[in-house]
Every structure is written in C-alpha cells, then in structure tokens.
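Engineer: kindly return the folded structure for what I paste below:
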Amino acid sequence: MANKTLLYKNIFFIVFISIILPNTLFAQRPKVGLVLSGGGAKGISHIGILQAIDSAGLRIDYLTGTSMGSIIGGLYAIGYSGKEIETISDNLDWDAILSNKPNFTDISIDEKDEYGKYSVELGIKDFKPQLGTGLIESEELWLTLNELFLPVYNIKDFSKFNIPFKCIATDLSDGKAVVLSEGEIVTAVRSSMAIPSVFTAIDYDSTKLVDGGIIRNFPVTDIKEMGADIVIGVNLFTGLPDISKLNNMLDVFYQITQYRDAEDLVKQKKLCNLIIEPPVGKYSAGSFDATAEIMLIGKEIGKLYYPYFKNLADSLNNLYPVNYSPNGRLPITEHIVIDKVNFEGIRNTSMSLLMDKIQIKPGNTYSAKQINKGFRKAYSSRYYDNVYYELKPTTEGHAELLCKVKESLLTQVKLGLSYHSYSGAAILANVTVRNLLLDKSRTMFKIAAGEYLRFLVEHKQAFGPKANNYFNLSFEKENLPLNMYDEAVKTSQYNVSYSRFDLNYTRVFGTNWSLAAGIKSQKNTFSPEVADDFKVKGDMSNLHTYLRAESKTINRRLYPTSGYEFSAEAGILSNRKAKINIYDSEGISIDTSELINGKPEYYRFMINYSKYNTLNAKLVFLYNLQAYVTLNSQGFIFDNFYMGGIQQLYDRQSVFVGLNEGQITTTSLTSILAGLQYNLIGSLFLTGKVNTAMYNFSTLQKAYDPDQVKWINGFSLGLGYNLGVLPMEFTAMYSPEIGAIYSHVKIGFVF
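Structural biologist: Okay, the predicted model is just below:
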C-alpha cells in the first residue's frame, strides 16, 4: 500500500511539472526545497541524488537535513557540488571518525608505550568512575567538519549560505525538536548527528543536544516554513528493521532513536511533492564499511529520477529564467590570519603545553589542514577528551581562534585481559595519574596479575617550554620462566625474578623520535623449577649505563600497513656482583660466584629495525633487521640475549620465528626476517614469515670469531583477528635446524 501511494505521488509530480506548472503564472519563481533524512551510513546515498540534481541544472532554493542528512545537506548548502561531496566521502577515514582515539601515528613516542593496550579505560573523579553522555567524542569528526566548513567560517546566519539551510537536533532536557539556523555550522551539524549514548551530547546554551532523528528525522515541515513551494524529499527510513539485522552497537542505538520518529514520518511525507526512497534496506546505520556500495545505489537512483529533475528545471527556467550553475558556488577561503587565540575549558592542564601542541601564533596565516594538524597533536597528548576550535571572524580574511577544551580526568583506570603461550593468562591493570606531583607529569602503576607477576611504577616529569624534555624514574619487577633447551628438548625450567631501578633523561624530537641517557640498577634472582642433574641457584646484580634512540612511525599497533619501528641502544655494564651456587644430584653445592665477582665491565649493543610497505589494498610486505652484540662478555646465561618468540616480551629478547622464547641464548646475533601480511576479510589477517640468523660469533677474546659462528633458520604462518580491544592470534612455526613444530597463541595485549 505504501509503495502504491508513493507511486501515485510521483506520477502526480510528473503531471504537475509537465502540464500544470507551464500553464500557471506565479508572482515569482516557485521555490524548490530539498529535504535529506538521517540514516547513518545509508545517508551516503544522498550524494548520488545530489549529483543528478546538479546534472539536471536544478537550482535548490532551501535545504533541511537531519543527522547524516544535515552533514551532506550542509556541505551542499554552502556550495560544494554533488561530485565534490563524493570526493570528500571517498577520502574520509571512517574508522578514525567513528573512533574515540587519536591515530597511532599522531601519538607522541613517549606515550605510544601504553596507548591502545587495554580493553576498558575509565576516568576517575572523587574515587568514582565517570561516564560521559556518549561513548564517542570523535575528535576527528570535529576537525574534519572544521576543515570542510572553513569556506563559510565568517557566515553565522545559515540563511546567508548559497542555499538557505536548517538542521534538526533534539533538546535532551525536554525531548523537543531544536531547529538550528544560526551560529556555528560545525556545532549545528555535529549536534544533529549526536546519536544518544553513541556520540556525546553537545552543549547548547543551557542544555544539551542530541540527534534530531529522535524527533524529526525527515524535516519537511521546516522547509515548508522556510517558504518552499515544491518539496523533494529523500527518505532513508522505511520502517523499523527486523531485529536480526541489528548487528552492532550503532545499529541498536539508532533503532531506539527511531521509535518516536516512525509516527512523525507519515505526516512529513504527506507534505512532499516528490519522495525518493533509495533501496538501502539491506544496509544499516553502521555500514560504513560499505560506503562504496551505498554510493552506487544513490547514483543509480539519481539516474532514475534525473528526468523528473530535468523536467522541473526546464519548466521553471522557461517561465522564470535564472543564471545558475551547480559548480563554483563555494566561497574560496583557503587560508586565514589568526589574530588572537582564546581558550575555553582549561582548568587543570597547562595552557602553555596546549599552545605548544597546537603551534598557532597570532598574526600568522594558516590553512585548515595546518590548524587541524596542531589540534590532532594536542589531542594525542592524552590530556584531553576533546579539543577543537571555532573561528570568530574579525576583518576580511582574519579571525580569532577559540580553542574549546574538554579535559580528560587526570586519573585514568585501564583494564585488559591477556593470554600468551609463554607467560599464561593475566589480568592487566593500569592506573595513570597526570600532574600528581607537578605540572606536566605522568605517574603510572601497572600490573599483570596471573601465573607470573609483573608490575611497573613510573613517574615521568616533563619540563622546558615545549615539554619535550623528561626525567623518568621507574621501578619494575617481573617473574618469568627461563626455559633451557637441548635443541628441541626442554631440559629444565628456572624461575627468574628480575627487578630494576631506572633513571633517565629523555629528549623527544617531534612526534616520532626520542633520545635517552640513563642508568639502571638491576638484579636477577634465579632458582630451578624443573632441572636436570645440575641446578643453579643464586642472584646477580649490575649497573647499566646506556644511551638509547627510538623512533616509531607505524600507522597502528597491530597489523600495521605502513611506517617503521627503530630502536638502538649502547651500554656499559659494571659493578657486577653475584652469589651463585651449583648443586649436583646429591645436593652438594659449589660456590661459583667468583666467575662474576670482580670481573671487568662488558659492553652491550642492540639495534632493531622493522619496516612495513603496502603492496596493494590487502597485501603488506614487512621485514626486520636485528643486531645484538656483547663485547668482553663471559657468556654467562643472564648476561646473554634470548632468541625466539613471535613478539618481544622482555628485555634482551630477540624475536625469531621457529623458536620458542629463549630457546637459544647467545652472546651475539644478527638476523633478517621477511614476511607477507594479507588481509583476508574484515579484521582477519594471514601472516607468513621467514627468518635466518647468525649467532654466537662474539667471544670474550674476539668481537668476531668465525670458528664459533652458528646459523639457524625459521618459518611461521599465523592467523590473526584484530578485534580491537581483544585481538587474537594463532601461529604455527618450524625451524629445520631444531626439527620441531611449535604453536603460539596470543589473546589480548602483552605487558
């Protein structure tokens, strides 16, 4: 019945255009209104219809929209053509826009160690967890909208746009519709699409605004009030979807918002002269992984309705000629002079730190991309839940920048789950407090509680005008197994307790480089859990003075597709002390401490470099180079490097596929690894790796002794699922020199 009614209305519209309009004299040109409904990802189909309107040369006189319709409609209203909006959509990173986290590449290297490693992160205030009005602040959405709407930064009355425009939001206090027609266009469209409990509500006067789709997803009455005589409506809501089609959180919340609007839709549709309902029913509000398919549907529907648009345009132009082109409507504003920077919302954090991050100096000229780059850097400092800006026009080409800040709570609690074949299951917990002792500081306590205990207490204090100098003081303790092998056979297992105090000075260069100089006081205590005839028990300690350089540009922590990771460290180990006893099968001990005590210092060098290169949309080539060397070392096992494992879990471990963790201990090694990473579908990855290594070439007498050199090779094939908060990976590996197949399982993140 509904389809028949729609068909009759469309037939009537054709008759109206073809017969009635040419024979009717209006006092002035009839006004054409366009209404774009909300629909989440389904709203991408609006773009194809806009392109058909442009092709027909039909001038739209008024435009209203809700939710996604407000964003696309707002862009069209200020002057972007349908084709330009398609280009914008194609280039958007929807994963980043719908995320509540900064991009990994934007995180400063001094914060990358803990970023994105936990399933849950909560702010704490007055010893109580704090929840926001939505799960997603979407910093990236704010900045993207700021960039797109920059050309009209100086227009605060939406009726002054190229096409007069209004969008709809809902007042959270009383549930009534709020028609937004003036003020900040970015705030308006962001409010219109704030799906409750998904996106955070937007402050507006003395209330908060959420998605207009709750009340009026199809705002036809508003366009009639603006003065539209002929109304074209694009409606994406054709009824509540079957419960089986609600596949994610966004779908569920979008369903909830539609209950009330379903009643209003009937009234709104009656006011339209032409109703277009693209067949996007098989998609959901959250189908942002299918934007290309939805775009294609919109284009096909646009072609279907092109004759209607063309007839209307020709009929109107014959009676009321106008000079109109859909292109060139957008004001040209590429750069702006910032006269002044003001702040709103700063209470607990440093204004100088924020100014250093955004890098905006009054009197200078900036593009939107340059401004956004600074704000992304500020957001990536982890001091803010949200930090964006508004531009207040002063004179032509000039503006004051209002920096709007929503500070993160200074205390954050983070929780996660972890399982690893080597270290077993554990609960990860982290408490991070910023500015606990002094401004620009981070104090952190983290623990992995499971079969083996690991914890770290660290205080990091930044100083200097750019806050890129740090003193770090930390204490770490970990209990981990040390397995001893005779080729493929595990002969013994030791319990090793490792503790260290570390004090260092670190200088950060830009976002991706750091240089540190420091000293560690280290102690190992070891005792046999399972051993052969001879058992070693005792402890040893030393001082480690080091210089370390690090750089990291990968685009994400898991399964990166571009960038590199680099670390290099040189150190001197001195003041070595030990108490070591060797027990035979009868329990008789021999004190061998003199093997360590009084011996001269030795030197340690480590270089590790990994690179990721995208070959096509699904395939990534990766390689790794390692060189670990000790000089003047006696080769005692706790001074050595540990070869084996898929990823690094502890200090001095050299990753080598084909071996279990620490299966080979050595004074020196160089290795090369190459691999292919293939994205099978969605978040499912298949990774194959091959590596080879030369080891044991360094002795007490020689830096390189060719008579001692050994070689080993290894292969692995892994299947991983990047579930985000709980990634999973299974790997099978083999080394022909060892002659054994090993399996490796990892769930969650490691310590």
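
Engineer: helices of this protein, residue ranges please.
Structural biologist: Assigned by DSSP state H, the helices in the chain fall at 2-15, 45-56, 68-78, 82-91, 94-97, 139-148, 185-192, 220-226, 249-270, 291-319, 351-358, 368-379.

Engineer: quick one: contacts for the residue nearest to the spatial centre of the chain?
Structural biologist: For the chain, residue 103 is the residue whose C-alpha lies nearest the centre (C-alpha atoms, centre = their mean; 4.1 Å). The contact partners of residue 103, by C-beta atoms under 8 Å, 6 or more residues apart in numbering, come to 96, 140, 376, 380, 555. Every residue, glycine included, has its C-beta placed from N, CA and C.

Engineer: just the buried subset of the residues you listed, please.
Structural biologist: Neighbour counting with 16 or more other C-beta atoms under 10 Å marks 96, 140, 376, 380 as buried within those.

Engineer: how about the third one, nearest residue that isn't a chain neighbour?
Structural biologist: Using C-beta to C-beta, 6 or more residues apart in numbering and skipping residues adjacent in sequence, the residue nearest residue 376 is residue 106, 4.9 Å away.

Engineer: list the buried residues for stretch 302-317?
Structural biologist: Those would be 302, 305, 306, 308, 309, 310, 311, 312, 313, 315, 316, 317, for stretch 302-317 by 16+ other C-beta under 10 Å.

Engineer: ok so, going back, in JSON lines, list the contacts of residue 103 along with distance to residue 367.
Structural biologist: Shown next, in JSON lines, are the contacts of residue 103 (distance: C-beta to C-beta, whole Å):
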{"residue": "96", "distance to residue 367": "20"}
{"residue": "140", "distance to residue 367": "18"}
{"residue": "376", "distance to residue 367": "14"}
{"residue": "380", "distance to residue 367": "20"}
{"residue": "555", "distance to residue 367": "23"}
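
Engineer: hmm, which of those residues is lowest in pLDDT?
Structural biologist: pLDDT across the contacts of residue 103 is lowest for residue 96, at 79.

Engineer: contacts only, for it.
Structural biologist: Shown here is residue 96, whose contacts under the criterion C-beta under 8 Å, 6+ apart are 103, 140.

Engineer: please apply the same query to residue 744.
Structural biologist: So residue 744 contacts 421, 645, 646, 716, 718, 729, 730, 731, 732, 733 (C-beta under 8 Å, 6+ apart).

Engineer: and the contacts of residue 103, which is closest to residue 64?
Structural biologist: Using C-beta to C-beta, residue 140 comes nearest to residue 64 of the contacts of residue 103, at 26.0 Å.

Engineer: please name the nearest non-neighbouring residue to residue 740.
Structural biologist: Nearest to residue 740 is residue 488, by C-beta to C-beta, 6+ apart, at 3.9 Å.

Engineer: the one you found against residue 737, yeah?
Structural biologist: No: here residue 488 does not reach residue 737: they are 9.7 Å apart, not a contact under C-beta atoms under 8 Å.

Engineer: against the centre of the chain, work out the most remote residue.
Structural biologist: Farthest-from-centroid check, the chain (C-alpha atoms, centre = their mean): residue 586, 58.8 Å.

Engineer: any idea how far that residue lies from residue 592?
Structural biologist: Distance of residue 586 to residue 592, given as C-beta to C-beta, to the nearest Å: 17 Å.

Engineer: over to residue 567?
Structural biologist: Residue 567 is 34 Å from residue 592, by C-beta to C-beta.

Engineer: also residue 521?
Structural biologist: Taking C-beta to C-beta, one finds residue 521 at 23 Å from residue 592.

Engineer: residue 615 too?
Structural biologist: Separation of residue 615 from residue 592 (C-beta to C-beta) stands at 53 Å.

Engineer: between the two, which one's more packed in?
Structural biologist: The neighbour comparison of residue 615 against residue 592 (other C-beta atoms under 10 Å) goes to residue 592, with 16 against 12.
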